[in-house]
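**Q** What follows is a predicted protein model with its sequence.
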Amino acid sequence: MRLEINDISKSFINNGETHQVLKDISFTIEEGEFVTLLGPSGCGKTTLLTIIAGFQQAEEGEIVLNDKKVVAPGPDRGFVFQNYALFPWKTVRENILYPMKQLKVPKAEREKRLEELLKMAQLEGKGSLYPHQLSGGMKQRTAVIRALASRPQVLLMDEPLGAVDFQMRKDLQEQLEAMWIKDRTTVIMVTHDVDEAVYMSDRVILMSNEQGKILADLSIPLERPRDREGKKYTMYKQQLMDLLGNKTIKKKETIYQVV
């Protein structure tokens, strides 16, 4: 699996004025990586994620997955929304089975995958519950495994923990990390939380408010599960915060000017 983001540009018109959100954004993601797009609100992170998902089109550039240009949504890309987006009239079980039924996966295979996912998300015995009967954490875990049900090549997550409180957020980070370690699906996650980016990611791509310009592409080679109080963990957090605050950023002898 190889995902290429090649020279992506995107603008929106607001009150008759054109606002360029992304300009010439490029990077590549390899199979099994957990990559986070980090940056302040309004820097184009979610716009880029929805372009990768095929929900909207770039004005320039292209998204290429396994040598095939992305032109529309597809089962090779699963998407997790911030607000869960579960079907309220369907049970946990029915929500998870839905994408597999759409792809006409044989019943026996669907049931096997369902049980695997419920176990992975620690939701055994919860299959008959409806979304309104679930806690926020259970809803988000259900949303994640529903997106994984059809075995996508890439899982796209837009602020997946943005709707939960601070303590639950930390707990869910650990739960999602454990799920990812078991499944190893390639992930691209959007967040503006530096700690979350360091805890979850193999790589952090730092974007600016200036047309999504990439300020840094930082590898986080820490063992999992990660020690939030560890010296190296703290170092990576501080490095990212410094990069967000500095006017001159150096990466591999390249200087990016933040304006």
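**A** Received it, and whenever you're ready, just let me know what you need. Numbering: from 1, shown residues only.

**Q** can you pull the contacts of the residue most central in space within the chain?
**A** For the chain, the residue nearest the mean C-alpha position is Met189 (2.1 Å; C-alpha atoms, centre = their mean). Met189 makes contact with Phe34, Val35, Thr36, Leu37, Leu156, Met157, Pro160, Met200, Ser201, according to C-beta atoms under 8 Å, 6 or more residues apart in numbering. All C-beta atoms are positioned from the backbone trio N, CA, C, and that covers glycine.

**Q** Show the average pLDDT along the strand or helix carrying the fifth one.
**A** Using DSSP states H and E, Leu156 falls within strand 154-158. Per-residue pLDDT over strand 154-158 has a mean of 96.

**Q** any chance you could map the strands in the stretch 151-259 of the chain?
**A** Applying DSSP state E, counting those that start in this stretch to the stretch 151-259 of the chain gives strands spanning 154-158, 186-191, 203-207, 214-219, 248-251, 254-257.

**Q** And these: which comes nearest Met235?
**A** strand 214-219 (11.3 Å; C-beta to C-beta).

**Q** other SSEs contacting the closest one?
**A** Applying 3 or more C-beta pairs under 8 Å, 6 or more residues apart in numbering; DSSP states H and E, one finds that strand 214-219 contacts strand 17-30, strand 203-207, helix 231-245, strand 248-251, strand 254-257.

**Q** got TSV for these, with distance to Glu223 too?
**A** Shown next, in TSV, are those (distance: least, C-beta to C-beta, whole Å):
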stretch	distance to Glu223
strand 17-30	20
strand 203-207	16
helix 231-245	9
strand 248-251	24
strand 254-257	29
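
**Q** just these: most buried one?
**A** strand 203-207 (a mean of 23; mean count of other C-beta atoms under 10 Å).

**Q** what's next to it, contact-wise?
**A** Under C-beta under 8 Å, 6+ apart, the answer for strand 203-207 is 27, 33-39, 43-45, 48, 197-198, 213-220, 240, 243-244.

**Q** filter these to the buried ones?
**A** 27, 33-39, 43-45, 48, 197-198, 213-216, 218, 220, 240, 243-244 (16 or more other C-beta atoms under 10 Å).

**Q** returning to that earlier point: could you give the angle of the strand holding Leu156 to strand 17-30?
**A** If you take axes from the mean of the first three to the mean of the last three C-alpha atoms, to 10 degrees, strand 154-158 sits at 140 degrees to strand 17-30.

**Q** What is strand 154-158 packed up against?
**A** helix 45-53, strand 77-80, helix 136-148, strand 186-191.

**Q** Contact partners for the closest residue to Lys182 other than its chain neighbours?
**A** Nearest non-adjacent residue to Lys182, counting by C-beta to C-beta, 6 or more residues apart in numbering: Met120, 5.6 Å away. The neighbourhood of Met120, defined by C-beta under 8 Å, 6+ apart, consists of Ile145, Met179, Lys182, Asp183.

**Q** all helices for the stretch 51-200 of the chain, in order.
**A** Under the criterion DSSP state H, counting those that start in this stretch, helices of the stretch 51-200 of the chain are mapped to 92-102, 107-120, 136-148, 166-183, 194-200.

**Q** Need those helices in TSV (columns: mean pLDDT).
**A** Shown next, in TSV, are the helices of the stretch 51-200 of the chain (pLDDT from 0 to 100):
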stretch	mean pLDDT
helix 92-102	96
helix 107-120	95
helix 136-148	92
helix 166-183	88
helix 194-200	96
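
**Q** who wins for proximity to Asn14 among those?
**A** Here helix 194-200 is closest among the helices of the stretch 51-200 of the chain (C-beta to C-beta), at 28.7 Å.

**Q** and that closest one, how far from the chain's centre?
**A** 12 Å (C-alpha atoms, centre = their mean, to the nearest Å).

**Q** residues making contact with it?
**A** 34, 36, 38, 161, 169, 173, 176-177, 180, 189, 191, 204, 220, 222, 226, 228, 233, 236-237, 240-241, 244.
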